[in-house]
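Give me a model of this one.
(one chain, ligands or ions: 2)
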Amino acid sequence: MGRFHNDMKVLVTDPIADAGLERLRDAGHDVVEAYEIEGDALLDAVADANGLIVRSGTEVTREVFEHAPDLQIVGRAGIGVDNIDIDAATDHGVIVANAPEGNVRAAAEHTVAMMFATARSIPQAHARLTDGEWAKGDFLGTELNGKTLGIVGLGRVGQEVAKRLGSVGLDLVAYDPYIGEDRANQLGAELVDLDDCLDAADFVTVHVPLTDETHHLIGEDELAQIEGGYLVNVARGGVVDEDALADAVDDGVLKGAALDVFEDEPLPADSPLLDAEDIITTPHLGASTEAAQEHVATTTADQVVAALANQPVLNALNAPSVDETAYERIEPYIELAETAGKVAAQLFGERIDRIEVTYAGDIADEDLDLVTASAQKGVFEPLEWNVNAVNAPRVAEERGIDVTESKTHTTEDFQSLLTVTVGVDDRELSVSGTLFTGDEPRIVSIDGYRVDAIPHGTMLVARNRDEPGVIGLIGTVLGESDINIAGMFNARETIGGEALTVYNLDNPVPEDVRDDLVADDRIISVQEIDLNGD
Ligand SMILES: NC(=O)C1=CN([C@@H]2O[C@H](COP(=O)(O)OP(=O)(O)OC[C@H]3O[C@@H](n4cnc5c(N)ncnc54)[C@H](O)[C@@H]3O)[C@@H](O)[C@H]2O)C=CC1
Ligand SMILES: O=C(O)C(=O)COP(=O)(O)O
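Ligands and ions are numbered 1, 2, ... in the order given. Predicted structure coming up:
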């Protein structure tokens, strides 16, 4: 388990509000602001960073993660994470967290402003006036009242746009295959497919994230369907095919378009979008309000501080996320699961093809994704480099290891019991743990034997025949090697059958000492478990 550090380096590569920077400093972190860096300068700056905060200006590529061995979290002070390679982050065990709420209203308001601005050619008219021309006769706008608005992507921003524009006399249609009809209806929008949405709309506004699926979602054919209307894009460049859009506006297929976002940012000066009189643009200002910037900066800083203190990260996109009160309830189980996973993997000692994590009793009521991920971390830790709860599920998937989680409310003896079973083919081994008063972790069962062991430091698990003198022999051999026994617990199947003894030791047991022990034919096996570092 990592420990709390408050002197870590947080690299900030896009400007965020001071309130966010202050929170990082208040937590004791070293904040390094380095704006507009890319290439080798970015790789150098990130090399010793524990946290990284970006907005849309920094491309956080796989190469960045490869050069950032100490990085634990990338905080995105905003919504869109298309500039962050989340797969690479997961592979490197780095949390990616955004601030999905803070700038929603700002983006929605900017969308509304852009819609009116394009419908009434406000920027063009203003430019003519500043040029000294009273061009009153040249501008005949379009009223929104009585028209139809098509919303492509009815998520947080899309819904806020619907709320605002539904009240100015627009009929609303929406295309979003991932939201329910009820939600759309509550907003007064009819949920339709993309074709119907574009065919019906006089104004189309896009609010989808940029993904492989949405890249050029609006191309030449789709623009043709909006014939005579307007397009607004305050989501992401790349969702709309810019060349096709410039042509559509030039050719009069569309009356106008309003764009806040571009495939290439900053927008190159020679972009055809800038030549089209009826395309209005802003330099990615959707989130640029004081309120939004303060909100996203503080939310992001809080998450970075939390991650660096091994606390839950609320908006983690690639790790199980839990809220703070739920986290308080499951926190002790996170460590217990990791320990049980380590003990199970070390005792099983061979390749595994499955992990089962079972929860019984009160704990079964909780959301336990993070606990299960921790159990996996424990199982994989002896095998893999830099495995944590973020990338453990990925490691399992890549290695073809089947992970199952099951819950039951009934337990025989404990209020809550957690069991990690590792196995391959028909062989398997289970380790169960619980928490005693004061959240003291205890291993209460190993491979079917009831034990009561404090999981800590170096442990020795001996399997022996239940005959007189065996425990004495083990004590003598360890004593002769100056290995102090801090505690022990003996469990047996039946009198004279097989027994399992767990020792807590003050020092590791050298291999020759273990060989000496198994040389006695009453001792079937001895295995050392290393929980040092826990
Ligand atoms: N211009 C700016 O400064 C800002 C831009 N944004 C951008 O706005 C976009 C939306 O943000 P939110 O509404 O907060 O995200 P969200 O995740 O709440 O909503 C996105 C919606 O798009 C839908 N969607 C996904 N794939 C789709 C597809 N193929 N077809 C149709 N719908 C699809 C989802 O189901 C979801 O409902 C993001 O790209 C974000 O980066 C957000 C804030 C500021
Ligand atoms: O939050 C988003 O998705 C945005 O597009 C805002 O981008 P920005 O933080 O202003 O670079």
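
Identify the residues contacting the residue in the stretch 401-534 of the chain positioned nearest to ligand 1.
When you check the stretch 401-534 of the chain against ligand 1 by Cβ to the nearest ligand atom, the closest residue turns out to be Glu405, at 26.5 Å. C-beta: built from backbone N, CA, C; applies to glycine. Residues counted as contacts of Glu405 (Cβ atoms under 8 Å, 6 or more residues apart in numbering) are Glu356, Val357, Thr358, Tyr359, Leu368, Asp369, Thr372.

Direction included, what does the helix or strand that contains it pair up with?
Assigned by DSSP states H and E, Glu405 falls within strand 402-408. Within its sheet, and counting by DSSP bridges, strand 402-408 is paired with strand 354-361 (parallel).

how about the biggest helix by length in the chain: buried residues?
For the chain, the longest helix by residue count, based on DSSP state H, is helix 324-348. Of the residues in helix 324-348, 327, 330-348 count as buried by neighbour count, 16 or more other Cβ atoms under 10 Å.

Thr205 reaches Glu160, doesn't it?
No - the criterion here is Cβ atoms under 8 Å, and Thr205 misses it with Glu160 at 11.2 Å.

Who has more neighbours out of those two?
Just comparing Thr205 and Glu160: by other Cβ atoms under 10 Å the higher neighbour count belongs to Thr205, 28 against 20.

Just confirm yes or no for stretch 150-166 near ligand 1.
Yes - if you take Cβ under 6 Å from any ligand atom as the test, stretch 150-166 does meet ligand 1, through Val152, Gly153, Leu154, Gly155, Arg156, Val157, Gly158.

per-residue confidence at the residue of the chain most remote from its centre?
Residue distances from the centre of the chain (Cα atoms, centre = their mean) peak at Pro468, which lies 54.7 Å from the mean C-alpha position. Reading off the per-residue confidence, Pro468 sits at a pLDDT of 89.

show me what contacts the residue lying closest to Val152 once chain neighbours are set aside?
Beyond its immediate neighbours in the sequence, the residue positioned closest to Val152 (Cβ to Cβ, 6 or more residues apart in numbering) is Val206, lying 4.5 Å away. Under the criterion of Cβ under 8 Å, 6+ apart, the neighbours of Val206 are Val152, Gly153, Leu217, Ile218, Leu231, Val232, Asn233, Val234, Ala235, Val239, Val240.

SS state for the residue farthest from the centre of the chain?
coil (DSSP: H, G, I helix; E, B strand; the rest coil).

Quick check, Val234 in contact with Val240.
No - the criterion here is Cβ under 8 Å, and Val234 misses it with Val240 at 11.1 Å.

ok, back up a step: partner residues bridging the residue of the stretch 401-534 of the chain closest to ligand 1?
Glu405 forms beta bridges with Val357, as assigned by DSSP bridges.

Kindly report the residues of the protein close to ligand 1.
Of all the residues in the chain, those in contact range of ligand 1 (Cβ under 6 Å from any ligand atom) are 79-80, 100, 103-104, 107, 152-158, 175-179, 207-210, 213-214, 234-236, 260-261, 284, 286-287.

OK, contacts around Val420?
Counting by Cβ under 8 Å, 6+ apart, Val420 touches 337, 340-341, 343-344, 355-357, 375, 378-379, 430-432.

mind redoing it with 7 Å?
If a contact means Cβ atoms under 7 Å, 6 or more residues apart in numbering, then Val420 has Ala337, Ala340, Gly341, Ala344, Ile355, Val357, Ala375, Ser430, Val431 as its contacts.

Any stretches of the stretch 101-250 of the chain with poor pLDDT?
When the per-residue scores of the stretch 101-250 of the chain are filtered using pLDDT under 70, no range remains.

What's the local residue count around the residue in it that ligand 1 sits nearest to?
In the stretch 101-250 of the chain, the residue found nearest to ligand 1 is Gly155; the distance is 1.7 Å by Cβ to the nearest ligand atom. Other residues near Gly155 number 18, with proximity taken as other Cβ under 10 Å.

Just read off the phi/psi values of it.
Here the main-chain torsion angles of Gly155 (degrees, to the nearest 10) amount to phi -90, psi -150.

Wondering if stretch 146-153 reaches ligand 2 at all.
No - contact between stretch 146-153 and ligand 2, assessed by Cβ under 6 Å from any ligand atom, is absent, since the two come no nearer than 12.4 Å.

Stretch 206-217 too?
No - using Cβ under 6 Å from any ligand atom, stretch 206-217 stays clear of ligand 2, with a minimum separation of 8.2 Å.

Kindly format the C-alpha coordinates of that stretch as PDB.
What follows is the C-alpha trace of stretch 206-217 in PDB, where atoms were taken according to Å, rounded to 0.1, in the frame of the first residue of the first chain:
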ATOM      1  CA  VAL A 206     -23.900  18.500 -31.400                       C
ATOM      2  CA  HIS A 207     -23.000  17.500 -27.800                       C
ATOM      3  CA  VAL A 208     -21.300  14.100 -28.200                       C
ATOM      4  CA  PRO A 209     -17.800  13.300 -27.000                       C
ATOM      5  CA  LEU A 210     -15.200  12.700 -29.700                       C
ATOM      6  CA  THR A 211     -14.700   9.000 -30.000                       C
ATOM      7  CA  ASP A 212     -14.000   6.500 -32.800                       C
ATOM      8  CA  GLU A 213     -17.700   6.200 -33.200                       C
ATOM      9  CA  THR A 214     -18.500   9.900 -33.400                       C
ATOM     10  CA  HIS A 215     -15.600  11.000 -35.500                       C
ATOM     11  CA  HIS A 216     -17.100  12.800 -38.600                       C
ATOM     12  CA  LEU A 217     -20.500  11.800 -37.400                       C
END
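
buried ones in that stretch?
When neighbours are counted by 16+ other Cβ under 10 Å, the buried residues of stretch 206-217 are found to be Val206, His207, Val208, Leu210, Thr214, Leu217.

Then stretch 437-448?
Pro441, Arg442, Ile443, Val444, Ser445, Ile446, Asp447.

pLDDT of stretch 525-533, averaged?
When pLDDT is averaged over stretch 525-533, the result is 90.

who touches that stretch?
339, 342-343, 346-347, 455-463, 508-509, 514, 517-518.

Could you tell me which of the residues you listed belong to helices?
Per DSSP H, the contacts of stretch 525-533 map to helices at Thr339, Lys342, Val343, Gln346, Leu347, Arg514, Leu517, Val518.

quick one, phi psi at the residue lying closest to the last one once chain neighbours are set aside?
Think Val518. Computed as Cβ to Cβ, 6+ apart, the closest residue to Val518 that is not its neighbour in sequence is Val526, at 6.0 Å. Note on Val526: its backbone torsions stand at phi -130, psi 130 [degrees, to the nearest 10].

Can you tell me how far Val526 is from Arg442?
As defined by Cβ to Cβ, to the nearest Å, Val526 lies at a distance of 22 Å from Arg442.

Please apply the same query to Thr61.
45 Å.

got it, and Glu480?
The spacing between Glu480 and Arg442, counted by Cβ to Cβ, is 30 Å.
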